[in-house]
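>>> 3D model of this:
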Amino acid sequence: MGQKELSLLLRAVVALLAVFLAAALIFFLPPLTHEVELFCLDRGMSELLASALGGCAFPAVVALSAVPCFAALWLAFAIFTQIGKNNSFCAENARRLRIISRLALTDTFIYAVLAVLLFALGARHPSIVLVFVSVVLCGAAVTVCAAALSHLTKKAADLKTDSDLTI
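As a prediction, the model looks like this:
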């Protein structure tokens with residue numbers, strides 16, 4: 001598989017991920033917010049607090065967490081475009097990977113704070129714990145991997161620049 005084909009395949013995967021993320025926000029977020037509201041009511045919270053958490057706070061946090069995800073997908077699309085142009089190891093791709101790392105860290109932090117908040121409110125069901133622990137661990141893994149790739153890409157770009165200057 002050549003670089004152009006690889007670039008096309010990677011960009012198609014990123015576009016598909018963006019469509020799935022948008023569909024999840026559109027189709028799965030409203031029923032999930034309703035479940036959060038019902039959960040809060042079952043826990044004996046006031047209707048006002050339950051509707052605030054389920055009606056606007058929870059969806060706002062989830063929608064806010066989607067912003068770094070879409071930004072990271074956009075940056076990944078730009079990186080994969082550079083791969084197709086045979087410019088994989090450039091300072092710009094290293095910068096994009098560093099930004100992706102920071103976006104993943106931001107998203108991980110948002111979900112960690114949300115998990116602490118839900119646990120403080122009494123949401124300690126094993127499935128809730130499993131989901132939040134999984135999201136935080138995956139976010140941490142993406143953060144570390146993107147930071148490592150950024151570092152390696154920067155080193156490769158510097159070597160490439162030195163090599164180009166030598167010739």
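>>> which other helices and strands contact the helix or strand containing residue 22?
Assigned by DSSP states H and E, residue 22 falls within helix 3-23. Other elements packing on helix 3-23 under the criterion 3 or more CB pairs under 8 Å, 6 or more residues apart in numbering; DSSP states H and E are helix 58-84. Quick note: C-beta positions are derived from backbone N, CA and C, even for glycine.
>>> circling back: give me the contact list for the helix holding residue 22.
1, 66, 69-70, 73, 76-77, 80-81, 83-86, 88 (CB atoms under 8 Å, 6 or more residues apart in numbering).
>>> got it, and stretch 77-89?
Stretch 77-89 is contacted from outside by 3-4, 6-8, 10-11, 14-15, 90, 92-93, 96-97, 153, 156-157, 159-160, using CB under 8 Å, 6+ apart.
>>> List buried residues within those residues.
7-8, 10-11, 14, 90, 93, 96-97, 153, 157 (16 or more other CB atoms under 10 Å).
>>> In three-state terms, how would residue 87 be classified?
At residue 87 the chain is in coil, as set by DSSP: H, G, I helix; E, B strand; the rest coil.
>>> From residue 61, how far out is it?
To residue 61, residue 87 is 37 Å away according to CB to CB, to the nearest Å.
>>> Quick check, central residue of the protein?
Nearest residue to the geometric centre of the chain (CA atoms, centre = their mean): residue 69, 3.7 Å.
>>> Can you tell me the closest non-neighbouring residue to that one?
Closest residue to residue 69 apart from its sequence neighbours, by CB to CB, 6 or more residues apart in numbering: residue 21 at 5.9 Å.
>>> how many other residues sit next to that neighbour?
14 (other CB atoms under 10 Å).
>>> So for it, what pLDDT did the model give?
Model confidence at residue 21, given as pLDDT, is 92.
>>> Where does the prediction get shaky in the chain?
Within the chain, the stretches with pLDDT under 70 are 36-37, 40-55, 167.
>>> and the next element down the chain from the helix or strand encompassing residue 106?
Assigned by DSSP H and E, residue 106 belongs to helix 91-120. Where DSSP H and E defines the elements, the next helix or strand beyond helix 91-120 is helix 126-166.
>>> what about residue 8, distance to residue 1?
In this view, residue 8 and residue 1 are 10 Å apart by CB to CB.
>>> Over to residue 163?
Relative to residue 1, residue 163 is positioned 25 Å away (CB to CB).
>>> these two touch, right, residue 97 and residue 145?
No. Checked against CB atoms under 8 Å, the pair residue 97 and residue 145 is beyond contact range at 9.2 Å.
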